[in-house]
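A.B. asks: this one's sequence-less:
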């Protein structure tokens with residue numbers, strides 16, 4: 001089976017350079033356009049590869065849910081919401097710009113410059129908690145598909161840190177390691193599972209926006 005991992009389109013928080021976490025910001029007009037372009041690209045991809053996308057799973061945060069809604073409208077497939085696919089809860093940093101973080105939480109900012117994933121955010125979620133819930137959610141989706149209950153190709157719309165956390169564990173890098181990718185809005189990553197073994201076919205692809 002193939003798992004299509006998609007970061008949401010540009011949100012209002014992205015456009016204003018604010019740290020979002022669980023801040024429930026909607027898509028911008030640009031974010032909606034990005035989502036439509038991805039939908040068109042993957043519709044053609046499904047036909048070419050004879051692997052129709054059978055369902056879309058999404059974070060419950062507006063920026064992801066709105067992206068997923070555009071995809072399912074174009075593809076005519078079910079949409080399943082799952083809170084475990086949400087972004088990392090960043091606690092007191094939610095809604096702040098980076099200069100505001102440096103001013104209000106200088107020690108946290110210093111630690112974040114060194115290693116984003118290793119520290120605990122004030123009032124927020126640890127990267128280990130994030131990774132555990134993402135891993136459980138995606139493993140469940142993959143298991144259902146393997147058992148013939150979810151189709152051979154499914155899409156998941158989530159968030160940058162959440163997808164990176166899943167990749168870290170998938171590759172055995174350790175949950176506290178720095179994230180590998182700076183995932184763009186509506187970036188596409190593909191993981192293929194054969195005989196229970198995963199293989200990353202694509203990461204952070206944005207050719208539909210060119």
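C.D. replies: Thanks, I have it. These figures come from a predicted structure and were not determined experimentally. Numbering: from 1, shown residues only.

A.B. asks: Run through the residues that contact residue 64.
C.D. replies: Residues near residue 64 by Cβ atoms under 8 Å, 6 or more residues apart in numbering: 8, 58, 85-86, 157-159. Where you see a C-beta, it was placed from the backbone N, CA and C, and this is true even at glycine.

A.B. asks: what's the span of stretch 168-182, first residue to last?
C.D. replies: 13 Å (Cα to Cα, to the nearest Å).

A.B. asks: Show me which residues of the helix or strand of the chain with the lowest mean pLDDT are buried.
C.D. replies: Lowest by mean pLDDT, DSSP states H and E among the helices and strands of the chain is helix 106-114, with a mean of 83. Neighbour counts over helix 106-114 (16 or more other Cβ atoms under 10 Å) mark 108-109, 112 as buried.

A.B. asks: those strands in this structure, which residues are they?
C.D. replies: 2-7, 55-58, 79-81, 153-158, 188-194, 197-205 (DSSP state E).

A.B. asks: who wins for neighbours among the contacts of residue 64?
C.D. replies: residue 157 (32 neighbours; other Cβ atoms under 10 Å).

A.B. asks: mind checking how far that residue is from residue 25?
C.D. replies: Look at residue 157 and residue 25: by Cβ to Cβ, to the nearest Å, they are 15 Å apart.

A.B. asks: how about the chain, which residue sits the furthest from its center?
C.D. replies: Here the chain reaches farthest from its C-alpha mean at residue 103, the gap being 28.8 Å by Cα atoms, centre = their mean.
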